[in-house]
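Enquirer: I'd like to go over a predicted model; first the sequence, then the structure.
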Number of protein chains: 2
Amino acid sequence: MPRVKLTIEYDGTPFVGWQRQDNGPSVQAALEAAALAYCQTEIPVTGAGRTDAGVHALGQVAHLDIPRDDPPEKIAAALNAHLRPNPIAVLKAEIAPAEFHARFSAIERRYEYRIINRRAPLALDVARAWWLPMPLDAAAMHGAAQVLVGRHDFSTFRAAECQAESPVKTLDALNVSRQGEGIVITARARSFLHHQVRNIVGTLKLVGEGKWTARDVESALAAADRAAGGQTAPAMGLYLVGVGYP
Amino acid sequence: MPRVKLTIEYDGTPFVGWQRQDNGPSVQAALEAAALAYCQTEIPVTGAGRTDAGVHALGQVAHLDIPRDDPPEKIAAALNAHLRPNPIAVLKAEIAPAEFHARFSAIERRYEYRIINRRAPLALDVARAWWLPMPLDAAAMHGAAQVLVGRHDFSTFRAAECQAESPVKTLDALNVSRQGEGIVITARARSFLHHQVRNIVGTLKLVGEGKWTARDVESALAAADRAAGGQTAPAMGLYLVGVGYP
């Protein structure tokens, strides 16, 4: 019964999040329903990261055990056929070692947060980016972001519901760059606290507006108190871009 | 009563097209409703190009006469406020000369057609691009496209319902380029026949698949017969990018 690694893209808008929940459709439940339809047996699907409601993925990773000897391309095509019309696409299926675990084997998560910084509201990118009409200084945001890189107690950027054992995480990279009216924030770490990226983005927004300096971000981090940080940026701008394995 | 030029972005998905019609919501009707709510009087809105149902715009241009002396930024903001929740955004409003006409003053239209060329179906780009899973040779498509550049009888690429006086048009540029799994086709001309870009894209697809050569495209053009061309590519991949004025 081969273990299969899936790389998955999804539009988070219609889902309560990655994880199966009682209160609405989840990406995990849609994948498990597709696996059931394909294999005629219930198969749990385990994801690398539990994206929140409205958060998108360009490269979520999951694993499942398929009780058939189909080639990977056929597995991907069968799951995609059964996933319709959900906005979820299996980009790749690969046969993995039996000990591969999408969540516990992962050594890196990469997220991207998209802001559209213009006066006009969004038409084509509704539910795909955070619309911020005030002028933002992306270079200042990038500078202040460097304060957060490294190993820190990230309690200031941690959701109250976060289930991580410790608020100490190592943020390997945090970059902010402007591309026309778009501002993209990329974050890379072994793992993240709940809402960590969105809380960081909401704080960097204050820097972009000129309300905060890098020094203020430093003080907020040192406070180790969620109340010292900026707002939680909306889910619609966040993308799980990829997950790294050894 | 100043004439105002608007530059407009919209998601064409929920609309029957630019033009006001009896059978459903149109972009024009939404803009006219916003102008009525803003100015308390009926104001016709004239667009540069009549995009079809499902076709998007990044830079549609329209004009209207505003019976108030508001500055352009205020006009844009007021229209945007009244356009909600339609996926239509006024990117810019400018005071234009009284003789400015969005359609008749235009000397150039630029369109872009987006294909996503990968095995996996679309999740984030549903209704934003044409999904084509078979391998496509974008360089061959670009080469064949050059056959169509210049002044020709484009009857092969003209919809039966086209109301243009003549099928002769001058296509100033037609470029095909690959960017990762995306293929972008850009087209530039003073004006286009109805469905001209979509019919050209459907024909270039045959070249991309290796079913047709540039010579076949040449023969199809020479036939001056719609039946000699390829399929009409779906509306969802087409974007009106911009309109040029002297």
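Expert: Thanks, I have it. This structure is a prediction, so every number in the text was calculated from the model and none was measured.
Enquirer: Can you tell me the closest non-neighbouring residue to residue A:33?
Expert: Nearest residue to residue A:33, sequence neighbours excluded (Cβ to Cβ, 6 or more residues apart in numbering or on different chains): residue A:82, at 7.3 Å. For every residue, glycine as well, the C-beta is placed using N, CA and C.
Enquirer: Show me which residues of chain A sit near chain B.
Expert: Neighbours of chain B within chain A, by Cβ under 8 Å from any Cβ of the partner chain: A:9-11, A:56, A:58, A:73, A:76-77, A:80, A:84, A:87-92, A:118-124, A:126, A:128.
Enquirer: who's sitting farthest from the centroid in chain A?
Expert: residue A:69 (31.5 Å; Cα atoms, centre = their mean).
Enquirer: That one - that's part of a helix, no?
Expert: No - applying DSSP: H, G, I helix; E, B strand; the rest coil, one finds residue A:69 to be coil, outside a helix.
Enquirer: now stretch A:75-85: how far from the chain's centre is it?
Expert: Offset of stretch A:75-85 from its chain centre (Cα atoms, centre = their mean, to the nearest Å): 22 Å.
Enquirer: Quick one: mean pLDDT for it?
Expert: In this model, stretch A:75-85 has a mean pLDDT of 98.
Enquirer: What lies in contact with it?
Expert: Stretch A:75-85 has contacts (Cβ atoms under 8 Å, 6 or more residues apart in numbering or on different chains) with A:4, A:6, A:30-31, A:33-35, A:37-38, A:66, A:70, A:89-93, B:119-121.
Enquirer: related to what we said a few turns ago, nearest residue to the residue farthest from the centre of chain A other than its sequence neighbours?
Expert: Leaving aside its chain neighbours, residue A:69 sits nearest to residue A:2 (7.3 Å; criterion: Cβ to Cβ, 6+ apart).
Enquirer: And for the residue nearest to residue A:203 when sequence neighbours are not counted, the neighbour number?
Expert: Nearest in space to residue A:203, with sequence neighbours left out and distances taken as Cβ to Cβ, 6+ apart, is residue A:230 at 3.5 Å. Residue A:230: 22 surrounding residues under other Cβ atoms under 10 Å in any protein chain shown.
Enquirer: residues in contact with residue A:230?
Expert: Each residue near residue A:230 by Cβ under 8 Å, 6+ apart is listed here: A:199, A:202-206, A:212, A:220.
Enquirer: And what about it, helix, strand or coil?
Expert: coil.
Enquirer: Quick check: phi and psi at it.
Expert: Dihedral pair for residue A:230: phi -80, psi -180, per degrees, to the nearest 10.
Enquirer: re earlier: mark which of the contacts of stretch A:75-85 are buried, thanks.
Expert: With burial judged by 16 or more other Cβ atoms under 10 Å in any protein chain shown, the buried subset of those is A:4, A:6, A:30-31, A:33-35, A:38, A:66, A:70, A:89-93, B:119-121.
Enquirer: Filter the residues you listed down to the ones in strands?
Expert: A:4, A:6, A:89-93 (DSSP state E).
Enquirer: Make sure residue A:114 is indeed in a helix.
Expert: No - checked against three-state DSSP, residue A:114 lies outside a helix; its state is strand.
Enquirer: Show me where chain A has its strands.
Expert: A:3-10, A:46-47, A:56-65, A:88-96, A:108-116, A:130-131, A:150-153, A:168-179, A:182-189, A:238-244.
Enquirer: who wins for proximity to residue B:157 among the ones you listed?
Expert: Closest to residue B:157 of the strands of chain A, according to Cβ to Cβ: strand A:88-96, at 31.6 Å.
Enquirer: Neighbouring strands of the closest one in the sheet, and parallel or not?
Expert: Strand pairing for strand A:88-96, determined by DSSP bridges: strand A:3-10 (antiparallel).
Enquirer: hmm, back to that, my guess is the residue farthest from the centre of chain A contacts residue A:1. True?
Expert: No - taking contacts as Cβ atoms under 8 Å, residue A:69 lies outside contact range of residue A:1: 9.3 Å.
Enquirer: before we move on, back to that, which one among the ones in strands among the buried ones among the contacts of stretch A:75-85 gets closest to residue A:226?
Expert: residue A:6 (34.0 Å).
Enquirer: Please name the bridge partners of the closest residue to the closest one other than its chain neighbours.
Expert: Leaving aside its chain neighbours, residue A:6 sits nearest to residue A:62 (4.8 Å; criterion: Cβ to Cβ, 6+ apart). Here residue A:62 sits in beta bridges with residue A:6, residue A:47, as judged by DSSP bridges.
Enquirer: residues contacting the residue nearest to residue A:246 when sequence neighbours are not counted?
Expert: Among residues not flanking residue A:246 along the chain, residue A:107 sits closest, at 5.9 Å (Cβ to Cβ, 6+ apart). Applying Cβ under 8 Å, 6+ apart to residue A:107 gives the contacts A:190, A:244-246.
Enquirer: Report the separation between residue A:107 and chain B.
Expert: Applying Cβ to the nearest Cβ, to the nearest Å, the value for residue A:107 to chain B is 25 Å.
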